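Chemist: the amino acid sequence is not available; the structure is as follows:
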């Protein structure tokens with residue numbers, strides 16, 4: 001995927017707009033109020049008028065697009081202008097669009113909220129896996145990646161940590177997505193949070209240990 005190409009931007013915009021196009025087609029099928037939030041058992045606990053909800057989702061889509069589009073412009077190290085970053089943008093935009101589309105589908109078909117919990121957690125797991133595929137090669141920067149004091153201090157520690165962290169995120173994301181679909185509802189969120197926490201915490205601990213080893217090696 002080329003960096004800053006017209007095709008790339010048109011693709012991002014098309015993906016961003018796809019759930020909104022779907023929303024226009026099903027507009028008359030939606031109830032006057034739709035659920036926009038669910039508790040841990042999948043029961044809806046917050047509703048908005050469909051006009052307000054549509055405006056909210058449009059605003060979030062625009063904010064997400066602009067943030068990801070111009071983030072490289074304010075990175076002091078200028079390390080985010082890469083094809084890999086465009087892949088990350090695409091993955092985040094695609095998964096966000098999928099989540100919005102699923103919520104619209106749920107509202108239009110009066111589907112059970114309990115079904116939404118597993119699907120939404122699975123989509124978040126896939127997003128985590130997509131991000132992990134990117135960060136294995138991300139260069140040191142101030143916005144994206146595993147930014148601990150030790151990775152920002154030492155480029156070798158950054159590279160080693162992101163190589164491990166990226167692989168764990170891919171494996172953990174795919175595993176959590178699978179478990180979100182097959183684990184009983186009572187345990188879905190707990191299992192998902194446990195896998196995700198381990199995926200995030202292990203690279204952080206590793207970065208500290210490896211940093212200490214590097215410092216000890218330099219002193220010797």
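Modeler: The structure has been received and is ready for your questions. Values in this document were obtained by computation on a predicted structure and should not be read as measured data. Numbering: from 1, shown residues only.

Chemist: only C-alpha atoms from now on, for both contacts and neighbour counts.
Modeler: Fine.

Chemist: which residue is nearest the middle of the chain?
Modeler: The residue lying closest to the centre of the chain (CA atoms, centre = their mean) is residue 127, at 4.3 Å.

Chemist: please tell me how far it sits from residue 174.
Modeler: From residue 127 over to residue 174 the distance is 9 Å, taken as CA to CA, to the nearest Å.

Chemist: hmm, the residue nearest to the centre of the chain is touching residue 91, no?
Modeler: Yes: with contact defined as CA atoms under 8 Å, residue 127 reaches residue 91; the gap is 6.7 Å.

Chemist: sorry, back to before: quick one: contacts for the residue nearest to the centre of the chain?
Modeler: 91, 92, 95, 173 (CA atoms under 8 Å, 6 or more residues apart in numbering).

Chemist: name the element it belongs to?
Modeler: Residue 127 belongs to helix 113-135 when assigned by DSSP states H and E.

Chemist: what's the burial count for residue 45?
Modeler: 10 (other CA atoms under 10 Å).

Chemist: can you confirm it is in a strand?
Modeler: Yes: checked against DSSP: H, G, I helix; E, B strand; the rest coil, residue 45 lies within a strand.

Chemist: where does it land on pLDDT?
Modeler: You'll see residue 45 listed with a pLDDT of 71.

Chemist: can you tell me which of the contacts of residue 127 is nearest residue 103?
Modeler: residue 95 (12.4 Å; CA to CA).

Chemist: quick check: mean pLDDT of the strand or helix carrying the closest one?
Modeler: Using DSSP H and E, residue 95 sits within helix 83-109. Averaging pLDDT along helix 83-109 yields 84.
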